[in-house]
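Enquirer: whatever this is, show me its structure:
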Amino acid sequence: MIARRIAAAALLAAFGALIIPFQTRLAAEAKAAGFRTTAINLDLRERIGQMGFLAALSGFRSPLAAFLWIEAHTAWESTEWGRMAGLFNTVTTLQPRSILYWDMAAWHMAWNASVAAMQDEKQPSEALRIRAQRQYFNLGKDFLERGIRNNPDRHQLYLQLGVMLRDKFEDHCAAAKAFLKAAEFPGAPPYCRRFAGYEMAKCAGHEREAYEFLKALYLQGEKQRLPTLVNLLRDMEKKLDIPAAERLNDN
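Expert: The predicted model follows:
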């Protein structure tokens, strides 16, 4: 049994030695293209063990990440939040270009773990429950921000960051910026710009800017004239004392 493990480790190491130059070239090309890559280092080795480290080194990062993702799901079902967070960190280290891993890790932290922290019957102190909840919010936000650094060419994580900043942090100014950034990418959903306008309207000192932004969307045509946008514009017209001639047509 020991001999088999030694032989398997030797094969993985040999394959790793062959694939390293190829991976190095890919990493250099990714860096030149503006992407960030996550290094396979001793910190990763401590987290996944020697055999897992050799597997990652030998080019099996994707299946190893998938296996650990299943382990993280099991930890979620068992409400082992700390273990789950550690596994998510490892998975995203192994597969930094996977939008799904970053997105789901952030969701589990900022939504599932945070709710569990607030409902923790073992913690009688509300202040400490709120503190734990906030820590999970921050962990979720950190996953999204690191995911964005590794995937600067995709809109999805900017969109999810906007949702988190809006719903969990109630930071409407930052949420508006995240939604606007998401909207810049080809293929981004059209509602990204509407969401940006809605959040801008809640950002103190930017009400007039938000009105002009939303009015421009309204003028693009029927597809943008959703009830939420129209009602918000009419409310802002009153608050900003917009001249009657410039207001939306009631028809």
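Enquirer: quick check: closest non-adjacent residue to residue 95.
Expert: Closest residue to residue 95 apart from its sequence neighbours, by C-beta to C-beta, 6 or more residues apart in numbering: residue 65 at 4.3 Å. Any C-beta I mention is one placed from the backbone N, CA and C, and that applies to glycine too.
Enquirer: elements contacting the helix or strand hosting the one you found?
Expert: Of the helices and strands defined by DSSP states H and E, residue 65 is found in helix 61-77. Counting contacts by 3 or more C-beta pairs under 8 Å, 6 or more residues apart in numbering; DSSP states H and E, helix 61-77 packs against helix 42-57, helix 81-94, helix 99-107.
Enquirer: same thing but 6 Å
Expert: Helices and strands touching helix 61-77, by 3 or more C-beta pairs under 6 Å, 6 or more residues apart in numbering; DSSP states H and E, are helix 81-94.
Enquirer: buried ones in the helix it packs on?
Expert: 81, 84-85, 87-94 (16 or more other C-beta atoms under 10 Å).
Enquirer: alpha carbons of the helix holding residue 65, as PDB, please.
Expert: Only the C-alpha atoms of helix 61-77 are listed here, as PDB (Å, rounded to 0.1, in the frame of the first residue of the first chain):
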ATOM      1  CA  ARG A  61      -6.400  21.600 -10.400                       C
ATOM      2  CA  SER A  62      -9.900  21.500 -12.000                       C
ATOM      3  CA  PRO A  63     -11.000  18.000 -10.700                       C
ATOM      4  CA  LEU A  64      -9.400  18.700  -7.300                       C
ATOM      5  CA  ALA A  65     -11.300  22.000  -7.100                       C
ATOM      6  CA  ALA A  66     -14.500  20.200  -8.000                       C
ATOM      7  CA  PHE A  67     -13.900  17.500  -5.300                       C
ATOM      8  CA  LEU A  68     -13.200  20.200  -2.600                       C
ATOM      9  CA  TRP A  69     -16.300  22.100  -3.800                       C
ATOM     10  CA  ILE A  70     -18.400  19.000  -2.900                       C
ATOM     11  CA  GLU A  71     -16.700  19.000   0.500                       C
ATOM     12  CA  ALA A  72     -17.600  22.600   1.000                       C
ATOM     13  CA  HIS A  73     -21.200  21.800   0.200                       C
ATOM     14  CA  THR A  74     -21.100  19.100   2.800                       C
ATOM     15  CA  ALA A  75     -19.700  21.600   5.300                       C
ATOM     16  CA  TRP A  76     -22.600  23.900   4.500                       C
ATOM     17  CA  GLU A  77     -25.100  21.200   5.100                       C
END
